[in-house]
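Engineer: generate coordinates for the sequence data below:
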Amino acid sequence: MGFSAATLDVKKIVEALKKGRIKGIALLGGSNNVKFTQDLELTTLAQEFLRKDILCLSEGEASVGLGKFGFLNPGRKDFDLGKGVSGLLSSLGKNLPPVLDLGSIESGGVTPFLFELAKVGKKEFKDYPVFAVFAEANRSSEVTEALWTVAMGIPTYFWPALPVTGSPKVMEFFSRFCQKTFGAKLFVPTDKKTEARPKANFILKEMIGETVPRLSGYPWKEKTN
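Structural biologist: Take a look at the predicted model:
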């Protein structure tokens, strides 16, 4: 645990993105929620992302959940990793685990990494295939973290739904205002019966622009004058 921009060769990560060896980067955060089986959403999403060549980084309590199931164990070799992710991890060092923990949100591990990514690649965050997922969030502090991530230009997905979908103004803020101001949105899907693997596919399709972003379970329509 405790990787950082100082201990990871960010140049190799940027190169892997440029050459298409990995398709993107997922930032996994948040804690557990009683509306889900503990750690199931988080670990399933991580499995799907890794299998489809998405580099997974984690922080805080999400790292604890992933650690319990061996995702932070460099000795585990039984995970189904895409060739691109597997090759990148091997190039970054000996015996790296499938998911790289960046420490708690308070320690600021995610922010320096993102700044270094932007510096090395000479792009803004919003121009990278980077997204954040709070798969089982349950606290107001995680809402703050999610909004902070969006404000940095990172598209962010938040489950379960926040109790804000009854306010058109708030939903408009999450979508149109955030996209215009920061180049990213806070996605609040509310499909209650969606399993974790379809969620992963939904996110990956959004990342490459194949589907229409959905808020409150319905296509978000622009207002007309």
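Engineer: find the centremost residue of the chain, please.
Structural biologist: Ala132 (2.5 Å; CA atoms, centre = their mean).
Engineer: and that residue, which of the three is it?
Structural biologist: strand (DSSP: H, G, I helix; E, B strand; the rest coil).
Engineer: measure the residue nearest to Ser104 when sequence neighbours are not counted to Ser31 for me?
Structural biologist: Computed as CB to CB, 6 or more residues apart in numbering, the closest residue to Ser104 that is not its neighbour in sequence is Gly60, at 4.7 Å. Quick note: C-beta positions are derived from backbone N, CA and C, even for glycine. Noted for Gly60: a distance of 8 Å to Ser31, by CB to CB, to the nearest Å.
Engineer: please identify which of those two sits among more neighbours.
Structural biologist: Neighbour count, other CB atoms under 10 Å: between Gly60 and Ser31, Gly60 has more, with 23 against 19.
Engineer: show me the shaky parts of this structure.
Structural biologist: Low-confidence segments of the chain (pLDDT under 70): 105-108, 192, 210-225.
Engineer: can you show me the helices along it?
Structural biologist: Under the criterion DSSP state H, the chain contains helices at 10-18, 40-51, 60-68, 83-92, 110-121, 140-151, 168-172, 178-182, 196-207.
Engineer: starting at the chain centroid, how far to the third one?
Structural biologist: Read that as helix 60-68. In terms of CA atoms, centre = their mean, to the nearest Å, the centre of helix 60-68 is set 14 Å apart from its chain centre.
Engineer: could you do the fourth one as well?
Structural biologist: Centroid separation between helix 83-92 and its chain, computed with CA atoms, centre = their mean, is 19 Å.
Engineer: for Val164, see how far away the residue nearest to Pro160 when sequence neighbours are not counted is.
Structural biologist: Distances taken as CB to CB, 6+ apart place Lys35 nearest to Pro160, at 5.0 Å, with adjacent residues excluded. Lys35 is 16 Å from Val164, where distance means CB to CB.
Engineer: residues of stretch 51-63 that come out buried?
Structural biologist: Residues of stretch 51-63 classed as buried: 52-63 (neighbour count, 16 or more other CB atoms under 10 Å).
Engineer: most widely separated two among those residues?
Structural biologist: Asp53 and Glu61 (25.8 Å; CB to CB).
Engineer: for Ser4, which non-adjacent residue is spatially closest?
Structural biologist: In space, Ser4 is closest to Gly109, 5.7 Å off (CB to CB, 6+ apart).
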